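# Fold the following.
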Amino acid sequence: MGVPGFLRTLSLVCLLGLVCRSVEAEDVDINTLARIIQFFDNNYRQVEKKDNIEIVRQYAAAINVPKEQCQSGFVPDQNNFLKKEEEATNVKNKIYDPNLALYQGDELIAAGTLERTEGKKTYKRHSESTLMNPPDKSPMSTLLNKRKEGCVVFYTYNSPCVQTCIDINGNYNILKMLETWGKREELKAFVFKDIWKFDTRKDLKENFKAITKYVPLYRCVSAEECYKCEGADMDKCVQ
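Reported below is the predicted structural model:
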């Protein structure tokens with residue numbers, strides 16, 4: 001049987017080395033995705049008070065779970081979701097330990113802000129970079145290798161920063177790992193809730209293309225409200 005012209009063109013583009021996401025790729029159910037993100041926040045988010053203002057500490061988490069747990073109708077809870085992981089309190093203790101800032105489990109990885117000192121300079125490594133670098137030996141690559149053709153969701157409370165995480169020339173960018181992940185055949189979603197406070201919203205539509213080039217991008221703001229960052233909904237992702 002002859003290959004239709006469109007598929008011949010798509011195959012040629014892929015052979016030329018460009019990243020190709022399957023035109024028939026199934027999306028994560030967006031309502032289920034919203035509930036998964038709420039599960040993360042309910043269990044792993046940490047809120048601190050400063051001058052009577054509640055501040056959510058930045059963290060990121062990723063899962064590699066059976067496909068059906070990202071499809072319509074699944075409602076994650078303590079009895080049916082991430083059952084092999086440590087208690088939420090233990091996970092949080094590791095995430096928010098500034099000198100560790102990392103949890104690695106069977107189906108879940110998570111990170112907070114890692115404090116590092118080099119010489120006389122102290123810096124903070126962002127949670128997304130901790131999980132995705134170095135790409136070939138990262139916690140994310142280990143997680144991906146644990147299950148094929150399941151569902152992988154990567155969530156960061158604040159959107160990846162433009163100056164480091166999605167800067168193609170940055171030493172700690174996450175784009176190489178996203179490229180590797182994007183080539184896999186599975187349900188996948190990259191999700192954030194808030195806009196990183198130091199990024200300019202007017203430029204984010206263009207900058208987010210660094211992510212959507214490889215994997216679908218979503219913004220989930222509550223257990224009932226998620227948007228896929230494309231088309232008309234892109235405006236809701238950058239407001």
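
# For this protein, which segments are assigned as strands?
Assigned by DSSP state E, the chain shows strands spanning 47-50, 53-56, 60-65, 102-104, 108-111, 114-118, 121-125, 151-158, 187-194, 217-222, 225-228.

# nearest to Asn173, of those?
Proximity of those to Asn173 was assessed by C-beta to C-beta; the nearest stretch is strand 121-125, lying at 12.3 Å. Using the backbone N, CA and C atoms, a C-beta is placed for each residue, glycine as well.

# what about the closest one, distance to the chain center?
22 Å (C-alpha atoms, centre = their mean, to the nearest Å).

# Buried ones in the longest helix anywhere in the chain, by neighbour count?
Criterion DSSP state H: the longest helix present in the chain is helix 30-44. Across helix 30-44, burial judged by 16 or more other C-beta atoms under 10 Å covers Thr32, Leu33, Ala34, Arg35, Ile36, Ile37, Gln38, Phe39, Phe40, Asp41, Asn43, Tyr44.

# do the same with stretch 72-81
Phe74, Pro76, Phe81.

# what sits against the first one?
Read it as Phe74. By C-beta atoms under 8 Å, 6 or more residues apart in numbering, Phe74 lies in contact with Asp29, Thr32, Arg35, Glu68.

# Give me the residue at the spatial middle of the protein.
Centroid-nearest residue in the chain: Phe154, 2.5 Å away (criterion: C-alpha atoms, centre = their mean).

# and the closest residue to it other than its chain neighbours, what is it in contact with?
Excluding the flanking residues, the one nearest Phe154 by C-beta to C-beta, 6 or more residues apart in numbering is Ala62, at 4.3 Å. For Ala62, the contacting residues are Leu108, Ile109, Ala110, Leu131, Pro139, Met140, Leu143, Val152, Val153, Phe154, Tyr155, by C-beta under 8 Å, 6+ apart.

# Which one of the residues you listed is nearest to Arg116?
Leu131 (15.3 Å).

# Quick check: that closest one vs Ile30, distance?
Relative to Ile30, Leu131 is positioned 23 Å away (C-beta to C-beta, to the nearest Å).

# can you pull the contacts of Thr180?
Pro135, Ser141, Leu144.

# Next one: the second one from Glu179, what distance?
Pointing back at Ser141 there. The gap separating Ser141 from Glu179 is 12 Å, by C-beta to C-beta.

# The two: which is more packed in?
Ser141 (17 against 14; other C-beta atoms under 10 Å).

# Not counting residues beside it along the chain, what's closest to the more buried one?
Spatial nearest neighbour of Ser141, excluding adjacent residues (C-beta to C-beta, 6+ apart): Pro135 at 6.4 Å.

# close enough to count as contact, that neighbour and Leu144?
No - Pro135 is beyond contact range of Leu144, at 10.6 Å (criterion: C-beta atoms under 8 Å).

# where in this structure is pLDDT low?
1-25 (pLDDT under 70).

# try 80
Across the chain, the ranges flagged by pLDDT under 80 are 1-25, 116-123.

# neighbours of Ala111, just the number please.
Residues near Ala111, counting by other C-beta under 10 Å: 29.

# ok, so what distance separates the nearest residue to Cys237 once chain neighbours are set aside from Tyr214?
Counting by C-beta to C-beta, 6+ apart, Cys229 is the residue found nearest to Cys237 once chain neighbours are left out, at 4.0 Å. Applying C-beta to C-beta, the value for Cys229 to Tyr214 is 13 Å.
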